[in-house]
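Q: sequence and computational prediction follow.
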Amino acid sequence: MNVDAAVAAVAAIAGLCTGVFAMLAFRWSERDQAKPTRSSLHTDAVLPPGVDTVLSVLRSSAVVLDEADAVVKASSAAYALGLVRGGKLAVEPMMQMARDTRRDGEIRQVELDLPRRGTGRGEALAVSARVAPLGSRLVLLLVEDLTEARRIEAVRRDFVANVSHELKTPVGALSLLSEAVMDASDDPEAVERFAGRMQNEATRLTNLVQELIDLSRVQNDNPLEDAEPVRVDELVAEAVDRCRQQAGAKQITMAAGGTADLHVWGNRGQLAAALGNLVENAVNYSPARTRVGIAGRHVSAPGGDLIEIAVTDQGIGISEKDRDRVFERFYRVDPARSRATGGTGLGLAIVKHVAASHGGEVTVWSAEGQGSTFTLRLPEAGAVRDRERPTDLTAEGLDDEDRPYETFNDPLPAHPAPEVLP
């Protein structure tokens with residue numbers, strides 16, 4: 001009986017010890033799970049409550065630094081801008097600002113120009129950095145990308161300067177010519193000559209103001225709000241009629257083809273203005289007794305079918321260094337010729353904005369002394385397009401694969417006159 005009691009006591013003691021060890025093991029396991037990991041030391045366990053959530057919704061690039069200048073938290077935008085690399089803040093001026101703020105607790109702000117990542121062209125990234133203390137040990141860095149805002153401001157500043165210059169020129173000429181007319185009141189021939197020049201300057205000023213209005217309209221309006229299927233042949237006919245007088249004065253033949261049964265989707269007025277500007281430029285920059293060709297065709301593209309409208313001339317051509325700038329506002333390849341033709345330097349800028357707002361583009365091919373081809377690519381109005389492809393009248397006579405349209409293989413007529421070929 002004593003033996004059985006001793007065995008029972010031993011078993012009880014063993015069970016008690018096992019339970020104690022199990023409880024201790026469970027406690028140790030909970031303690032290990034509760035220990036902060038390396039990543040948690042630098043995120044939720046260190047940041048004040050709610051800060052992580054606030055930083056995740058900020059549009060600014062956010063970086064949180066601890067007392068050792070290590071990155072505790074950084075947004076994806078901060079990595080994209082190259083502010084954080086290898087767990088460290090990579091911009092020394094910002095690092096120095098953070099240290100100064102940690103020392104005295106003052107909020108600091110500065111604008112910096114940083115090298116852009118991944119480019120070897122030395123392009124600067126304009127940013128505004130603001131540093132503030134976050135609790136007793138952390139520092140918060142917020143960085144705003146100002147690059148696009150600065151670019152827009154530079155464009156606006158240049159635009160205002162260019163407009164001021166362009167308006168001042170004809171206004172000043174009108175003032176001088178009016179004084180000349182008054183001084184030559186007793187000379188009818190001089191009065192007539194000065195009056196003619198005044199009329200030219202007034203026309204130039206009117207055209208400039210109108211194109212400024214047109215440019216402002218295409219930049220601010222949404223053309224697709226009033227979009228409709230537009231027949232390409234009707235746009236071409238309007239453009240030809242618009243330039244018929246200038247072409248006739250220079251004996252320039254205007255030939256059109258390949259535009260039947262083609263439709264584009266967009267604002268009819270803006271599309272007509274864009275194509276009219278291309279044709280007008282071709283006529284103005286072409287020598288006498290040459291041709292201006294207008295050709296259209298359907299093009300299949302991965303993002304949707306397109307309609308290409310190409311305007312080709314036999315003019316002076318555009319040098320390689322000028323091709324990328326011809327669509328800038330007020331940029332003129334030949335300022336003297338532009339002044340003689342009454343050009344404002346806004347026509348191609350309007351074409352570019354119209355094409356972009358309609359989901360298309362405008363490109364240029366040119367060779368000095370041979371002429372230029374401006375190609376307007378626009379989305380096709382598929383709902384009204386005839387599925388039978390029209391014959392492309394420009395398929396023959398290609399002399400260069402880089403020049404997609406060529407309409408000048410036929411000899412010039414003895415007495416060319418503006419005409420539209422069916």
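A: Cool, the structure landed.
Q: ok so Ala126 is a strand residue?
A: Yes - judged by DSSP: H, G, I helix; E, B strand; the rest coil, Ala126 forms part of a strand.
Q: that one: what's it in contact with?
A: 111-114, 145-147, 149-150 (CB atoms under 8 Å, 6 or more residues apart in numbering). For glycine as for every other residue, the C-beta is placed from the backbone atoms N, C-alpha and C.
Q: give me the element the residue most central in space within the chain is part of.
A: With distances taken as CA atoms, centre = their mean, the chain has Ala356 as the residue nearest its mean C-alpha position (8.6 Å). Applying DSSP states H and E as the criterion places Ala356 in helix 347-357.
Q: elements contacting that helix?
A: Contact here means 3 or more CB pairs under 8 Å, 6 or more residues apart in numbering; DSSP states H and E; on that basis helix 347-357 packs against helix 188-220, helix 268-284, strand 361-367, strand 371-379.
Q: nearest to Ser319, of those?
A: Nearest to Ser319, of all those, is strand 361-367, at 8.1 Å by CB to CB.
Q: buried stuff in that closest one?
A: 362, 364-366 (16 or more other CB atoms under 10 Å).
Q: what's the farthest-apart pair in those?
A: Val362 and Ser366 (13.0 Å).
Q: could you check how far Leu278 is from Ala288?
A: 20 Å (CB to CB, to the nearest Å).
Q: please tell me how far Arg103 sits from Glu67.
A: Computed as CB to CB, the Arg103 to Glu67 distance reads 11 Å.
Q: for Ser60, same thing?
A: 23 Å.
Q: cool, and Glu238?
A: 71 Å.
Q: who has more neighbours out of these two?
A: Glu238 (16 against 10; other CB atoms under 10 Å).
Q: just the helices in the chain please.
A: Taking DSSP state H as the criterion, the chain contains helices spanning 2-34, 38-41, 51-57, 76-80, 92-104, 147-183, 188-220, 232-249, 268-284, 320-323, 335-341, 347-357.
Q: of those, which shows the lowest average pLDDT?
A: In terms of mean pLDDT, the lowest-scoring of the helices of the chain is helix 38-41 (a mean of 39).
Q: deepest of the helices of the chain, which one?
A: Highest mean neighbour count of these: helix 268-284, a mean of 23 (counted as mean count of other CB atoms under 10 Å).
Q: got the angle between it and helix 188-220?
A: 140 degrees (axes from the mean of the first three to the mean of the last three CA atoms, to 10 degrees).
Q: next one: the helix holding Ala356 to chain centre, how far?
A: 11 Å (CA atoms, centre = their mean, to the nearest Å).
Q: what's the angle between it and helix 147-183?
A: Going by the same axes, to 10 degrees, helix 347-357 makes 150 degrees with helix 147-183.
Q: relative to strand 361-367, how tilted is helix 347-357?
A: Using the same axes, to 10 degrees, helix 347-357 lies at 140 degrees relative to strand 361-367.
Q: helix 347-357 to strand 371-379, inter-axis angle?
A: Using the same axes, to 10 degrees: helix 347-357 against strand 371-379 is 30 degrees.
Q: export helix 347-357 to CSV, keeping only CA atoms.
A: Only the C-alpha atoms of helix 347-357 are listed here, as CSV (Å, rounded to 0.1, in the frame of the first residue of the first chain):
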residue,chain,number,x,y,z
GLY,A,347,-0.2,77.4,-87.3
LEU,A,348,1.7,74.2,-86.6
ALA,A,349,1.3,74.6,-82.8
ILE,A,350,-2.5,74.6,-83.4
VAL,A,351,-2.2,71.5,-85.6
LYS,A,352,-0.2,69.7,-82.9
HIS,A,353,-2.8,70.5,-80.2
VAL,A,354,-5.7,69.5,-82.3
ALA,A,355,-4.1,66.1,-83.2
ALA,A,356,-3.2,65.4,-79.6
SER,A,357,-6.7,66.3,-78.3
